[in-house]
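Asker: Predicted coordinates and the sequence they were generated for:
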Amino acid sequence: MSNPHLPKSATAYITEDPMVTGLLNQALRNQIRSLTQQPTTAITLQQSFIAIASQALNQIHDEALTKQLFSDAYEQAMHCLNQAQLQESEITEQFINQHGLVMSVLNCTTTIKDVHRNSCFYKAIFELVTDLLKRSAQINIAYPACGPFAPLLLPILLYMDKQNLISPKTVRVSLIDIQPGAIKSLNTLINELDLSDYFDGVFLSDAVLYQGEKPYDIFIAEAFQHGLSKEAHLSICKNFATQLSSHGVMLPCKTTINAALVKCQREYIEQWQASAKGEVSAKPNPEILNERIELGNVLTLDRYSLLNLDIINLGQQQVVCCNTLAIPENTQDASKHVLVLYAQVMTYNDHWLTQYQSGITHPLPLLNVCIDFVPQSSTVDDLLLSSTDKITFYYKLTGLTGFLPTKAEQQVSYAAS
């Protein structure tokens with residue numbers, strides 16, 4: 001039936017995309033706020049970036065100070081983003097391509113506020129660059145899917161430059177991102193930081209497909225959400241693992257994804273409440289973590305496993321065959337538990353980013369996996385299992401990436417690529 005309130009020539013409704021609207025509103029708020037603040041200068045931007053790198057390397061940890069320093073760095077970087085004068089589409093466009101979710105430029109800006117994630121990478125890069133320069137006169141670094149601020153690298157690169165630990169002759173850098181807005185922001189930021197001489201290029205390209213002109217001694221990749229979901233991290237790492245030099249290192253050196261059964265009330269609510277005063281806790285409760293039923297490792301990513309992935313072609317789709325896990329025989333009340341996947345990340349030299357320290361290491365609940373119960377409101381994606389079943393995990397390399405649990409007995413024969 002036609003809508004009498006539409007003109008006869010109208011053939012479709014114009015609908016609002018809440019995600020795009022929200023991103024645009026946030027971008028406008030940032031620009032309005034910048035009108036009442038002093039514009040950034042190269043010195044304040046440099047000072048803020050040096051401060052967070054220095055604090056990450058500091059053995060004396062002051063949590064309140066560290067949080068404030070990273071917040072200041074975010075504000076300075078956002079000023080620089082405004083200077084790049086991006087169009088609305090360049091800052092808010094977010095889409096899914098063949099390899100995964102491509103985050104909007106605006107959504108990528110907050111990574112620089114992730115204290116634990118950035119600090120863990122700064123320590124790793126500082127130590128790794130120092131180690132590699134002992135054996136090579138020059139090292140080449142690639143940072144694919146780096147976003148508008150390249151936050152895991154630029155602050156520590158600036159710090160080491162100002163400490164005269166590196167120079168453009170000893171360290172060469174390539175930045176790669178698929179978003180045109182990110183490229184504009186990066187060029188502005190690099191110029192403001194006075195780091196242009198270090199860069200072989202800032203390349204507009206899909207990091208999954210990018211091929212450099214020379215081997216890399218380091219590549220930095222962190223493009224995933226909790227549970228190794230949604231983004232193209234695995235495909236990016238697979239691409240750059242083949243472009244490393246003989247002594248090259250990927251950062252992070254190792255990422256493990258494990259599975260466990262948890263009670264949601266205990267894991268997501270009671271764990272964060274201080275029992276005495278009802279205050280919110282900032283750290284996970286070891287006692288509650290120990291209540292989990294650990295199932296084991298689903299997938300481990302390092303330089304060598306990336307070169308030996310068991311990839312299955314399913315028409316236009318690709319999946320990676322991962323591990324098969326069993327629920328322990330002595331498990332009681334499995335129906336009262338939820339299957340979760342959690343990542344732990346080792347950057348370099350045993351610097352670990354552990355559970356709940358960062359958004360990327362928060363456990364991801366798989367609510368469609370039903371063990372020893374049938375949901376009242378079922379969906380087509382429900383996986384019905386018994387506690388005696390084994391679970392084989394696959395990883396989807398295309399579309400919205402992520403793990404696909406299956407009942408092990410339902411496996412079919414296939415031709416591996």
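Answerer: On my side now, so go ahead.

Asker: send the alpha carbons of the longest helix along the chain over as CSV?
Answerer: With DSSP state H setting the assignment, residue counts place helix 63-83 as the longest helix in the chain. What follows is helix 63-83, C-alpha atoms only, in CSV (Å, rounded to 0.1, in the frame of the first residue of the first chain):
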residue,chain,number,x,y,z
GLU,A,63,47.7,5.1,37.2
ALA,A,64,46.0,8.5,37.6
LEU,A,65,48.9,10.3,35.9
THR,A,66,49.2,7.8,33.1
LYS,A,67,45.5,8.0,32.3
GLN,A,68,45.6,11.8,32.2
LEU,A,69,48.7,11.8,29.9
PHE,A,70,47.0,9.5,27.4
SER,A,71,43.8,11.6,27.6
ASP,A,72,45.9,14.7,26.8
ALA,A,73,47.6,12.9,23.9
TYR,A,74,44.1,12.0,22.5
GLU,A,75,43.0,15.7,22.7
GLN,A,76,46.1,16.9,20.9
ALA,A,77,45.7,14.3,18.2
MET,A,78,42.1,15.2,17.7
HIS,A,79,43.1,18.8,17.2
CYS,A,80,45.5,17.6,14.5
LEU,A,81,42.7,15.6,12.9
ASN,A,82,40.6,18.8,12.8
GLN,A,83,43.4,20.5,11.0
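
Asker: and Pro148, that's in a helix?
Answerer: No: counting by DSSP: H, G, I helix; E, B strand; the rest coil, Pro148 falls outside a helix, being coil.

Asker: That one touches Thr188, doesn't it?
Answerer: No: Pro148 lies out of contact with Thr188 (Cβ atoms under 8 Å); the separation is 9.2 Å. Heads up, the C-betas are built off the backbone N, CA and C, glycines and all.

Asker: what's the overlap in contacts for these two?
Answerer: Leu81 (Cβ atoms under 8 Å, 6 or more residues apart in numbering).

Asker: out of these two, which sits in the more crowded spot?
Answerer: Pro148 (30 against 18; other Cβ atoms under 10 Å).

Asker: Let's verify the closest residue to that one other than its chain neighbours: helix, strand, or coil?
Answerer: Nearest residue to Pro148, sequence neighbours excluded (Cβ to Cβ, 6 or more residues apart in numbering): Ser185, at 3.6 Å. Three-state assignment for Ser185 (three-state DSSP): helix.

Asker: which ones are touching Ser185?
Answerer: Here Ser185 is in contact with Cys80, Leu81, Ala84, Leu86, Val105, Pro148, Phe149 (criterion: Cβ under 8 Å, 6+ apart).

Asker: Any idea how many residues pack against the fourth one?
Answerer: Read it as Leu86. Leu86, neighbours per other Cβ under 10 Å, totals 22.

Asker: That one reaches Val105, doesn't it?
Answerer: Yes: with contact defined as Cβ under 8 Å, Leu86 reaches Val105; the gap is 6.9 Å.

Asker: quick one on the thing from earlier: which elements pack onto the helix or strand just after the longest helix of the chain?
Answerer: Scanning forward in sequence from helix 63-83 by DSSP states H and E, the next helix or strand is helix 88-92. Helices and strands touching helix 88-92, by 3 or more Cβ pairs under 8 Å, 6 or more residues apart in numbering; DSSP states H and E, are helix 18-35, helix 105-108, helix 180-193.

Asker: where's Phe203, which helix or strand?
Answerer: strand 199-204.

Asker: ok, so what distance separates the residue nearest to Pro148 from Leu195?
Answerer: Distance, Ser185 to Leu195, by Cβ to Cβ, to the nearest Å: 14 Å.

Asker: Which stretches in the chain count as helices?
Answerer: Under DSSP H, the chain gives helices at 18-35, 42-57, 63-83, 88-92, 105-108, 115-132, 154-162, 180-193, 233-241, 264, 286-289, 303-306.

Asker: These: which one's closest to Glu270?
Answerer: Nearest to Glu270, of all the helices of the chain, is helix 286-289, at 6.7 Å by Cβ to Cβ.

Asker: list the buried ones in the closest one?
Answerer: Leu289 (16 or more other Cβ atoms under 10 Å).

Asker: repeat for stretch 44-64
Answerer: Neighbour count says stretch 44-64 has Thr44, Leu45, Gln46, Ser48, Phe49, Ile50, Ala51, Ile52, Ala53, Ser54, Gln55, Ala56 buried, by 16+ other Cβ under 10 Å.

Asker: Would you check that the first one makes contact with Gln76?
Answerer: Yes: when contacts are counted by Cβ under 8 Å, Thr44 is listed as touching Gln76 (6.0 Å).

Asker: Common neighbours of the two, please.
Answerer: Joint contacts of Thr44 and Gln76 (Cβ under 8 Å, 6+ apart) do not exist.

Asker: Return the angle between stretch directions for the strand holding Phe203 and helix 154-162.
Answerer: Interaxial angle, strand 199-204 versus helix 154-162 (axes from the mean of the first three to the mean of the last three Cα atoms, to 10 degrees): 170 degrees.

Asker: what about the stretch 251-400 of the chain, any weak spots by pLDDT?
Answerer: 274-281 (pLDDT under 70).

Asker: give me that answer again for 80
Answerer: 274-282 (pLDDT under 80).

Asker: Check the stretch 51-200 of the chain too.
Answerer: 59.

Asker: cutoff 90 now
Answerer: Residues of the stretch 51-200 of the chain meeting the criterion pLDDT under 90: 59-63.
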